[in-house]
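# Okay, sequence plus prediction incoming.
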Amino acid sequence: MSRIAVRTRVTRITVDGPPRHVEDLLAAEEPLEIRVGGRSLVVTMRTPGHDVELAQGFLVSEGVVSRREHVAAARYCAGATVDGENTYNVLDVTLGHGVPAPDAGLERAFVSTSACGLCGKSSIDAVRTHSCWTVDGDDLVVPPALLATFPDRLREQQDVFAKTGGLHAAALFDGRTGELLVLREDVGRHNAVDKVVGWALAAGRLPLRGTVLMVSGRASFELTQKAWMAGIPFLAAVSAPSSLAVDLARSAGMTLVGFLRGPSMVAYAGAERVVAPSTAAPPSSADALPAPVRPQPVEAAAR
């Protein structure tokens, strides 16, 4: 299935030249209905690809599953075309034995758009979920010099973004070695994170201790919560966080860094995990302070 980018004819217009009719690539956006045990749970607008990871990551973020064995199977269902052709836009997840089905209140009455993943929550109380993992005790420390390399490395791996300019990305890094573990792209930033978390669930890597989640846009409350639900102690973004994202990161003991661009960054929570090695050079002889004058012993007066 190759529907990540779609070709289309466009008219390219410039101020000082005639219009030109050319072919361009668009980031694909299609609906995905996620079912659990045959019951529809949510419809999300996403970029096709890694759909099983997307569904699994979504279930992690909603507190339905937290371990690989909690998901027994996932399969595409027949689509809604008139000729019965499979659209690959309906995915049914079978939970493992003994795993409770999602609460009926979790079902979303509205489509989850690529811009916002929380708009279908049935109540305000349902917005904040609670992670089964704690991150406040994670001893990860990341030097700023290493952290500053993550945005460029994320951009270098965004194959579809380079062609369309229309996708968000989320990447998971080993916070100690800097190894890029996985990167996923999607028209929705929350979907990209769900795909990363779903990959980790299938690999049996939850909780994601000692890792850094790097996102290509802003850090919203939802992305912060998804990171917390996966046991990720460190979230970094190239743009600004929201006030609720900062509040959640601080209460969870998570590190939240925004405006990670070039050599600079802003730590909004958990700044103790961003520690630079000492760069202070020993003073040269010219800059050295004079040696302290030690008092000399006073000779006893002759009698």
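Thanks, I have it.

# Need the pLDDT of Ile159.
Just to correct that, residue 159 is Asp rather than Ile. According to the model's per-residue confidence, Asp159 sits at a pLDDT of 76.

# Can you give me the neighbour number for it?
14 (other Cβ atoms under 10 Å). To be clear about C-beta, it is placed using only N, CA and C from the backbone, and glycine gets the same treatment.

# again with Ala170
Residue neighbour count, defined by other Cβ under 10 Å, stands at 30 for Ala170.

# which SS class is it?
strand (DSSP: H, G, I helix; E, B strand; the rest coil).

# Which residue is the nearest non-sequential neighbour of it?
In space, Ala170 comes closest to Ala192 once its chain neighbours are excluded; the distance is 4.0 Å by Cβ to Cβ, 6 or more residues apart in numbering.

# Same check on Ala276?
Here the nearest residue to Ala276 in space, its sequence neighbours aside, is Pro144; by Cβ to Cβ, 6+ apart that works out to 5.1 Å.

# Could you report the neighbour count for the one you found?
The local packing count at Pro144 equals 16, with neighbours defined by other Cβ under 10 Å.

# So for it, what's the pLDDT?
Confidence at Pro144, expressed as pLDDT, is 97.

# residues contacting it?
Applying Cβ atoms under 8 Å, 6 or more residues apart in numbering, we find Pro144 in contact with 263, 265, 274, 276.

# Now restrict these to buried residues only.
265, 274 (16 or more other Cβ atoms under 10 Å).

# quick check, nearest of the contacts of Pro144 to Pro100?
Comparing the contacts of Pro144 against Pro100 with Cβ to Cβ picks out Val274 as the nearest, at 38.7 Å.

# Where in the protein is the helix or strand with the lowest mean pLDDT?
helix 159-164 (a mean of 66; mean pLDDT, DSSP states H and E).

# how near is the closest residue to Lys195 other than its chain neighbours to Gly38?
Closest residue in space to Lys195, ignoring its immediate chain neighbours: Arg184 at 3.7 Å, by Cβ to Cβ, 6+ apart. Here the distance between Arg184 and Gly38 works out to 27 Å (Cβ to Cβ, to the nearest Å).

# quick one, helices of the stretch 1-150 of the chain?
In the stretch 1-150 of the chain, the segments counted as helices under DSSP state H, counting those that start in this stretch are 51-61, 144-147, 150-156.

# just checking, next helix/strand downstream of the longest helix along the chain?
Secondary structure assigned by DSSP state H gives helix 189-202 as the longest helix of the chain. Under the assignment DSSP states H and E, the closest C-terminal helix or strand after helix 189-202 is strand 211-215.
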